[in-house]
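In: Sequence and predicted structure, then a few things I'm wondering about:
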Amino acid sequence: MAFIPNLRSRVQAAESFSYIDNLFDYGAFIQGASDSIGMIPGGQQNAPIAVIGTGIAGLCAAYELLRAGAQNVVIYEATARLGGRTWSANFANAPANFYAELGAMRFPPSEFGLFTYLNRFGIQYAANFPDPGKVDTNIGYQGKTYDWPVNGQPPAIFNTVNEGWNAFVTQGFKVPNGPALMAPAAITTLLQQRNFTAAQAAWQQYIDVFENVSFYNGLVQMFTSANPPGGTRWQQPADFQLFGALGLGSGGFGPLYSIGFLELVRLIVDELETDQQFVPGGIQSLASAFSNQTINGAPISSRIRYNTTVIGVTSPGPGKPVTLLLSNGTAPQFSRVVIATTNRAMQIDLGLAKSAGLISANQNSALNQVHMTSSSKVFVLTKNKFWLTTPGLPANIQTDTLVRGVYCLDYTPGHPQDPGVVLLSYTWEDDSIKQMAMGSNKARVQELVADVALTNPEFAQYVVPINGDYDGNCAIIDWDEQAHYYGAFKLNFPGDDGLSQALFFQYLACLTPQTDTGVYLAGDSLSFTGGWIEGAVQTGVNAACAVIKALGGSMYTRLNPVDTPQQNAYNYYS
């Protein structure tokens, strides 16, 4: 999601820094743990531990627990597939090195934990993700087509919103009769300088002003004020329609106007919209790399129980074994359990709300209320990379119509006659829901191609699957309809950041043995950065640290997520 922030870039990878909502440097912590993040004492190393889910959060937690000395770890996966929402699907009738990234697909270097693991496992990445403006781009808006040349300025029609948003990011905003809010980019600098006191104070001001404000109303509050960032008031409805139709750039924001304003600002502060990277080998290779690690003489993959759904979690109380009710009719018991699924799977599949006392009433309420976003993707494997072989064609198209975002992906650079992967449509919320009842792959793809033709008819004629095979050479996903997911990623509504606070720090139950039930939650939907792998990494590490601490172990450094928590850094309900 970025129009203007994607134009910001770094010459080289930055030194890791803390994210604004948790103020803990996970990148530095993980990078420093070359051997293990901690150590479980010998008498507890055979304690039975369960991990539920083989997304990145669950795999990360299992990997770090095994490195810390755990001997008896079992991982449950409800499906036959590894990786959760890191899903690099192959096309049925194509070579294996062409992927449809059905889930995560672009990765900013500020995902410091993620990149630590990518580097550790030797997974290659490149700065060639075709975001708008990074490649030749067409923008279709209200029936007209606008060109945005590679590394050029956005079309002039966007000047007001472009300059206004850029000014906000770099200069901040003086609230009428209120505080002068620090520029998001300046808060990032404070985090990089490890000036947490000043960064925390600046972010609390944003919370005080915008916590209960939607993204749309936040924009209105800023850009129709007497002193709008950039100096020019946005006109209603024209400028807000422009911004809503094409968003901050890699997808339309109109359907997301109802989410919390702070959800977008934290992406800028944490630099999650800067220098997006691409993993040519498919991001699911990270899940595979975790599972292939051999620890204690066996690969992690040998500990995974596929097609085994956990349908209940119970415990008689703190200090007692935790029982998992499994779909195969068994009910194994464990000393500690890490639940690393989406919040909706925790609510619906595992029935956590029905198990009194496993987590606090406040956390249960948060689990049930966190908003998961609808999202859909449609991929087509084409005969060649026509956007490279045909002069004048764009590699990215953004529209205010049905397809919303089109991305041309190059998995074999330097070989333009190789097959091309076209992400024909990437949509969220209402735009996603529009497509769910379109019928067959062929009907849907052809409808979307006709829609692309409204912006660039020449481009559209090339978007045909190899051999006309709409089943084997097209890949489609609607995340709302995926069993065990019930949505794509978390985005908070106004006033709901306190829910993320309650869920992200749930792992600190390990600090109070008298009430600790031995169940710890993980997953990006429980983080402040839903939809980004870093949220999964951070919560997976948190859960592993909680198990180590609860079993009487220690971390490799006193600066760790358990002993230096920041759970009370902010008041989201002021």
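Out: Thanks, I have it.
In: so where's the chain uncertain?
Out: The chain contains residues with pLDDT under 70 at 1-14, 246-252, 574.
In: Can you give the domain ranges for it?
Out: Listed by automatic domain parsing, the domain ranges of the chain are 33-83+283-369+489-555, 156-265.
In: okay, those domains, which one's buried deepest?
Out: domain 33-83+283-369+489-555 (a mean of 21; mean count of other CB atoms under 10 Å). Yep, even glycine has a C-beta here, placed from its N, CA and C like the rest.
In: can you pull out the strands in the stretch 301-450 of the chain?
Out: 304-305, 310-314, 322-326, 333-334, 336-340, 372-373, 375-382, 396-399, 405-409, 420-428 (DSSP state E, counting those that start in this stretch).
In: Turn those strands into a markdown table, including distance to Ala78.
Out: Formatted as a markdown table, the strands of the stretch 301-450 of the chain follow (distance: least, CB to CB, whole Å):
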| stretch | distance to Ala78 |
| --- | --- |
| strand 304-305 | 10 |
| strand 310-314 | 7 |
| strand 322-326 | 10 |
| strand 333-334 | 17 |
| strand 336-340 | 12 |
| strand 372-373 | 17 |
| strand 375-382 | 20 |
| strand 396-399 | 35 |
| strand 405-409 | 29 |
| strand 420-428 | 25 |
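In: how about those, which one is nearest Gly27?
Out: Nearest to Gly27 among the strands of the stretch 301-450 of the chain is strand 336-340 (20.1 Å), distances taken as CB to CB.
In: The closest one vs strand 310-314, what angle?
Out: Between strand 336-340 and strand 310-314, the angle comes out at 140 degrees (axes from the mean of the first three to the mean of the last three CA atoms, to 10 degrees).
In: Just give me how far strand 336-340 sits from the chain centre.
Out: 20 Å (CA atoms, centre = their mean, to the nearest Å).
In: now stretch 449-469
Out: With CA atoms, centre = their mean, you get 29 Å for stretch 449-469.
In: Stretch 158-169 too?
Out: Taking CA atoms, centre = their mean, one finds the center of stretch 158-169 at 25 Å from the center of the full chain.
In: how close does the closest residue to Ala353 other than its chain neighbours sit to Phe29?
Out: Setting aside the residues directly before and after it, Ala353 is nearest to Asn364 in space (CB to CB, 6 or more residues apart in numbering), at 5.2 Å. According to CB to CB, to the nearest Å, Asn364 and Phe29 sit 29 Å apart.
In: repeat for Thr160
Out: Distance from Thr160 to Phe29, by CB to CB: 43 Å.
In: Kindly report the same for Ala226.
Out: 45 Å.
In: Residue for residue, what is the longest helix this protein has?
Out: Longest helix in the chain by number of residues (criterion: DSSP state H): helix 533-550.
In: Just the angle for that one relative to strand 336-340, thanks.
Out: Interaxial angle of helix 533-550 relative to strand 336-340 (the same axes, to 10 degrees): 170 degrees.
In: helices and strands around helix 533-550, which ones?
Out: In terms of contacts (3 or more CB pairs under 8 Å, 6 or more residues apart in numbering; DSSP states H and E), helix 533-550 is packed against helix 26-32, strand 38-39, helix 56-67, helix 112-120, strand 336-340, helix 497-504, strand 519-522, strand 554-555.
In: hang on, the earlier thing: which one of the strands of the stretch 301-450 of the chain lies closest to Ala569?
Out: strand 336-340 (24.1 Å).
In: next one: the longest helix of the chain to chain centre, how far?
Out: 16 Å.
In: that older thread, shouldn't the residue nearest to Ala353 be in contact with Ser355?
Out: No. Contact criterion CB atoms under 8 Å: Asn364 and Ser355 do not qualify, at 9.2 Å.
In: Give the bridge partners for the closest residue to Leu409 other than its chain neighbours, please.
Out: What sits nearest to Leu409 in space, not counting adjacent residues and going by CB to CB, 6+ apart, is Val421, at 4.2 Å. Residues in a beta bridge with Val421, per DSSP bridges, are Leu381, Leu409.
In: tally of neighbours for Val421?
Out: When counting by other CB atoms under 10 Å, one arrives at 23 neighbours for Val421.
In: For it, which residues are in contact?
Out: Contact partners of Val421, counting by CB atoms under 8 Å, 6 or more residues apart in numbering, are 98-100, 379-382, 408-411.
In: Can you show me the helices along the stretch 51-200 of the chain?
Out: In the stretch 51-200 of the chain, the helices defined using DSSP state H, counting those that start in this stretch lie at 56-67, 112-120, 159-171, 184-192, 196-210.
In: got the contacts of Val421 as JSON lines, with neighbour count and distance to Gly487 columns?
Out: JSON lines is the format used below for those (neighbours: other CB atoms under 10 Å; distance: CB to CB, whole Å):
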{"residue": "Phe98", "neighbour count": "20", "distance to Gly487": "27"}
{"residue": "Tyr99", "neighbour count": "26", "distance to Gly487": "22"}
{"residue": "Ala100", "neighbour count": "25", "distance to Gly487": "19"}
{"residue": "Phe379", "neighbour count": "26", "distance to Gly487": "20"}
{"residue": "Val380", "neighbour count": "26", "distance to Gly487": "24"}
{"residue": "Leu381", "neighbour count": "26", "distance to Gly487": "27"}
{"residue": "Thr382", "neighbour count": "19", "distance to Gly487": "30"}
{"residue": "Cys408", "neighbour count": "25", "distance to Gly487": "27"}
{"residue": "Leu409", "neighbour count": "21", "distance to Gly487": "24"}
{"residue": "Asp410", "neighbour count": "22", "distance to Gly487": "30"}
{"residue": "Tyr411", "neighbour count": "18", "distance to Gly487": "28"}
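In: of all those residues, which comes closest to Ser335?
Out: When these are compared for distance to Ser335 (CB to CB), Tyr99 comes out closest, at 38.6 Å.
In: Pull the contacting residues for the closest one.
Out: By CB under 8 Å, 6+ apart, Tyr99 lies in contact with 88-90, 282, 284, 411, 421.
In: Swap in 7 Å and give it another go.
Out: For Tyr99, the contact set (CB atoms under 7 Å, 6 or more residues apart in numbering) comprises 88-90, 282, 411, 421.
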